[in-house]
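K.L.:
when you get a sec, could you give me coordinates for this:
(2 chains)
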Amino acid sequence: MKELSPVPPDALAVEARDLRKEFVRKDRKRGKRRVPALADVSLDIARGECIAILGQNGSGKSTLVRLLSTLLLPDGGSASVFGYDVVRDGKSVRRLVNRVSVEASFFKKMSPSENLHYAARFYGMTPSETTEQIPAILERVGFPPERRTEPMENLSRGMQQKVALARALLTSPVLLLLDEPTTGLDPRSKLEVQDFIREMRAVHDSTILLCTHDLNEAESLAERVGILDRGRLLALEPAGDLKARFGAETLEDAFFAATGRGFEDEEDEMDAEERKVLA
Amino acid sequence: MRAVALSLKHELIGLAGVVERNVYLTRRYIYWDLAFFVWTVANTLTIVFIAEGIEATGGQIDVDRATTTLLIGAVVWAYLGIIFEFLTETVAWERWEGTIEYTFMAPLSRAMHLGGSGVFAVLYGLVRAILLFVVVAAFFGLAFDDANFAAALVILVVASISFFGIGMMTAVLPLISPEKGAQLGFVAQGMLLVVSGVYYPVDVLPEWMQWLAKISPATYALDGIRAAILDGASLGSLWHDIWPLLLIGAACIPLGLAIFNRGEVYAKRHGKLKRSG
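P.N.:
Residues are numbered from 1 along each chain as shown, chains lettered A, B, ... in the order given. Next up is the predicted model:
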């Protein structure tokens, strides 16, 4: 049994106003300095919506996801998830949110089954509930039953990501934060994950925030596409409107027009330390 | 009322989940644990042999009593090490595995999260401590005709409350310093035991250390366990060791939790909850 925080019917899934996050970094060359990761980001995500955020490495996508999942404290502005403030009502937010990141976050020596049993306990699920639901959920994400008891370290990245999706499904999140979930996956696994995202919306009415490098993925899955550049949200609108606004034929051209850089170009002036900070 | 009961049930399930996870991991790493236990036995033997060494070099001591005193000290040291190791690794291990973000964004209170680690650490530590005591005692052929092991066990369990509270304070160290924090847990363990008379009576220490011994839970734990095992003291007669342990435990738990929560806020402000630190 999972205990959810009550969700006000008219609350926005995500409401961010002037959200700001900086990190203090020291190095011999430049001394102590504040590195902006997010700069005055404001956005609304309606309940049941799927939006995609595009941005280069170090643009602040993961910082945004971490702020919304209460892993970081903002330095300015505010954010709420279904009306619960991410700072003041952190526990209520955590009951509503789950996250799938680019790296599979599991205990490597434990099996998929053991990892899922453990994760489910955090959400109040009893052994009888997990014994019944976990095999069904693993089957639903296409995970082969004969591999359920193998250590996670023996599984391919695609398999691990399926277990990550199963974990998210198990907890029935109202808001699902996907931080580059298909990066590094083979084409077939990528399509399976994308189908799963569509299913989460259709069947569970989940609201989805997807951070991705895959422009096609963003365009096919999301109702609105945002561009995050050096911590600033430059746009958040339907892909067609974005292309029209910048007179672009493709989303990549629109990204270039908005930021002045190609999507694959790395920040020349940003050093490795800043990229690591902002990732 | 129903909401409170539901919330409490949810929290206790989460606490049990942390215990469950540690059972899974212990099973997977069992051979490493056995190897570590063998090392602990060897290390304990090097300490306990000191009594026989003193007699062999001409010292006049009650060898069996001295051997048992050293054994109790070594077992308590090893037990405390397990408690601190599990609690400090609450953060360190999760960071290494890459699960730290997922765990910290789960809807489980930090008290229950740490409590689960503490419960497992106490259970695992007790089993290990008992095994260690039995193995080394058998090695030296020690007899305990008058020992009150039940009272000794109660003292150790009561002391565990304080150890858990102090362990929570050390658990914050990897949050502050991902690279070096975990190692400082062992510093805390050593400092606690040296002022507590782990292998010697407290009154041989300098006066300023004797004052520190008064607020160390290990002092009362060692005193009570020695009395129970060496002299067969009853639980009732050990109240002078039990009430300070309860008092210190009552202070250490909320203090440890408060310190950990402050550390968590610091980590969230400075982005130190990431898998790479």
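
K.L.:
in chain A, which residue is most central in space?
P.N.:
A:Leu178 (2.6 Å; CA atoms, centre = their mean).

K.L.:
looks to me like that residue is in a helix.
P.N.:
No. Under the criterion used here (DSSP: H, G, I helix; E, B strand; the rest coil), A:Leu178 is strand, not part of a helix.

K.L.:
please, where are all the strands along the stretch 151-279 of chain A?
P.N.:
Applying DSSP state E, counting those that start in this stretch to the stretch 151-279 of chain A gives strands spanning A:175-179, A:207-212, A:224-229, A:232-237.

K.L.:
and the shortest one, what's buried?
P.N.:
Okay, so that is strand A:175-179. A:175-179 (16 or more other CB atoms under 10 Å in any protein chain shown). The way it works is simple: take the backbone N, C-alpha and C, and place the C-beta from them, glycine included.

K.L.:
just the last one next, same as before
P.N.:
Within strand A:232-237, the residues that count as buried by 16+ other CB under 10 Å are A:232-233, A:235-237.

K.L.:
how distant is that strand from the center of its chain?
P.N.:
17 Å (CA atoms, centre = their mean, to the nearest Å).

K.L.:
stretch A:96-108 too?
P.N.:
10 Å.

K.L.:
and for stretch A:72-91?
P.N.:
16 Å.

K.L.:
off-centre distance for the helix or strand where A:Thr131 lies?
P.N.:
A:Thr131 belongs to helix A:127-140 when assigned by DSSP states H and E. Here helix A:127-140 is found 24 Å from its chain centre; the criterion is CA atoms, centre = their mean.

K.L.:
any weak-confidence spans in chain A?
P.N.:
A:1-4, A:262-279 (pLDDT under 70).

K.L.:
which positions in the stretch 101-250 of chain A make contact with chain B?
P.N.:
By CB under 8 Å from any CB of the partner chain, the residues of the stretch 101-250 of chain A that approach chain B are A:101, A:103-110, A:114, A:117-126, A:151.

K.L.:
now these: which count as buried?
P.N.:
Of these, these count as buried by 16+ other CB under 10 Å: A:101, A:103-110, A:114, A:117-125, A:151.

K.L.:
up against chain A, what does chain B have?
P.N.:
B:6-7, B:9-10, B:13-14, B:16-18, B:20-21, B:24-25, B:28-29, B:97-99, B:101-109, B:265, B:268-271, B:273, B:275-276.

K.L.:
ok, now with 6 Å
P.N.:
Residues of chain B lying close to chain A by CB under 6 Å from any CB of the partner chain are B:6, B:10, B:13-14, B:17, B:21, B:24, B:28, B:97-99, B:101-102, B:105-108, B:268-269, B:271, B:273.

K.L.:
in stretch A:55-67, what counts as buried?
P.N.:
For stretch A:55-67, by 16+ other CB under 10 Å, it's A:55-56, A:58-67.

K.L.:
save the strands of the stretch 151-279 of chain A as a markdown table, and put in distance to B:Trp239 too.
P.N.:
Putting these into a markdown table (distance: least, CB to CB, whole Å) gives the following:
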| stretch | distance to B:Trp239 |
| --- | --- |
| strand A:175-179 | 54 |
| strand A:207-212 | 59 |
| strand A:224-229 | 64 |
| strand A:232-237 | 65 |
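
K.L.:
where does chain B get nearest to chain A, residue-wise?
P.N.:
Taking CB to the nearest CB, chain A has its nearest neighbour within chain B at B:Gly17, 2.3 Å off.

K.L.:
quick one: the host helix or strand of B:Val18 to chain centroid distance?
P.N.:
According to DSSP H and E, B:Val18 maps onto helix B:2-28. Centre-to-centre, helix B:2-28 and its host chain are 21 Å apart (CA atoms, centre = their mean).

K.L.:
list the buried residues of the helix holding A:Thr131.
P.N.:
A:129-130, A:133-134, A:137-138.

K.L.:
between the residues you listed, which is closest to B:Ala150?
P.N.:
A:Thr130 (37.3 Å; CB to CB).

K.L.:
nearest to B:Ala51, out of the strands of the stretch 151-279 of chain A?
P.N.:
strand A:175-179 (59.3 Å).

K.L.:
now that closest one: how far from the chain's centre is it?
P.N.:
Distance, centroid of strand A:175-179 to centroid of chain: 4 Å (CA atoms, centre = their mean).

K.L.:
can you list the residues that contact it?
P.N.:
A:13, A:62, A:65, A:69, A:81, A:96-101, A:206-211 (CB atoms under 6 Å, 6 or more residues apart in numbering or on different chains).

K.L.:
parallel or antiparallel, list what pairs with it.
P.N.:
strand A:97-101 (parallel), strand A:207-212 (parallel) (DSSP bridges).

K.L.:
out of those, which comes closest to A:Ser189?
P.N.:
strand A:97-101 (13.1 Å).

K.L.:
may I have the least confident helix or strand in chain B by mean pLDDT as PDB, with CA atoms only?
P.N.:
Of all helical and strand segments in chain B, the minimum by mean pLDDT, DSSP states H and E falls on helix B:181-194, at a mean of 81. Extracted in PDB, the C-alpha atoms of helix B:181-194 (Å, rounded to 0.1, in the frame of the first residue of the first chain):
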ATOM      1  CA  GLY B 181      34.600  11.500   5.800                       C
ATOM      2  CA  ALA B 182      34.100   7.800   6.200                       C
ATOM      3  CA  GLN B 183      37.600   7.300   7.700                       C
ATOM      4  CA  LEU B 184      36.800   9.800  10.400                       C
ATOM      5  CA  GLY B 185      34.300   7.400  11.800                       C
ATOM      6  CA  PHE B 186      37.100   5.200  13.000                       C
ATOM      7  CA  VAL B 187      38.800   8.200  14.700                       C
ATOM      8  CA  ALA B 188      35.600   8.800  16.700                       C
ATOM      9  CA  GLN B 189      35.600   5.100  17.700                       C
ATOM     10  CA  GLY B 190      39.200   5.200  18.800                       C
ATOM     11  CA  MET B 191      38.800   8.400  20.800                       C
ATOM     12  CA  LEU B 192      35.700   7.100  22.500                       C
ATOM     13  CA  LEU B 193      37.300   3.900  23.700                       C
ATOM     14  CA  VAL B 194      40.600   5.300  24.800                       C
END
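
K.L.:
list the buried residues for it?
P.N.:
So, applying 16+ other CB under 10 Å, buried residues of helix B:181-194: B:181-182, B:184-185, B:188-189, B:192-194.

K.L.:
can you redo these as CSV with distance to A:Leu191?
P.N.:
Putting the buried residues of helix B:181-194 into CSV (distance: CB to CB, whole Å) gives the following:
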residue, distance to A:Leu191
B:Gly181, 42
B:Ala182, 42
B:Leu184, 48
B:Gly185, 46
B:Ala188, 52
B:Gln189, 52
B:Leu192, 56
B:Leu193, 58
B:Val194, 62
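
K.L.:
now residue 126: closest residue in space that isn't a chain neighbour?
P.N.:
The chain I'm using is chain A. Among residues not flanking A:Thr126 along the chain, B:Ile13 sits closest, at 6.3 Å (CB to CB, 6 or more residues apart in numbering or on different chains).

K.L.:
wait, I meant chain B there
P.N.:
B:Leu156 (7.1 Å).
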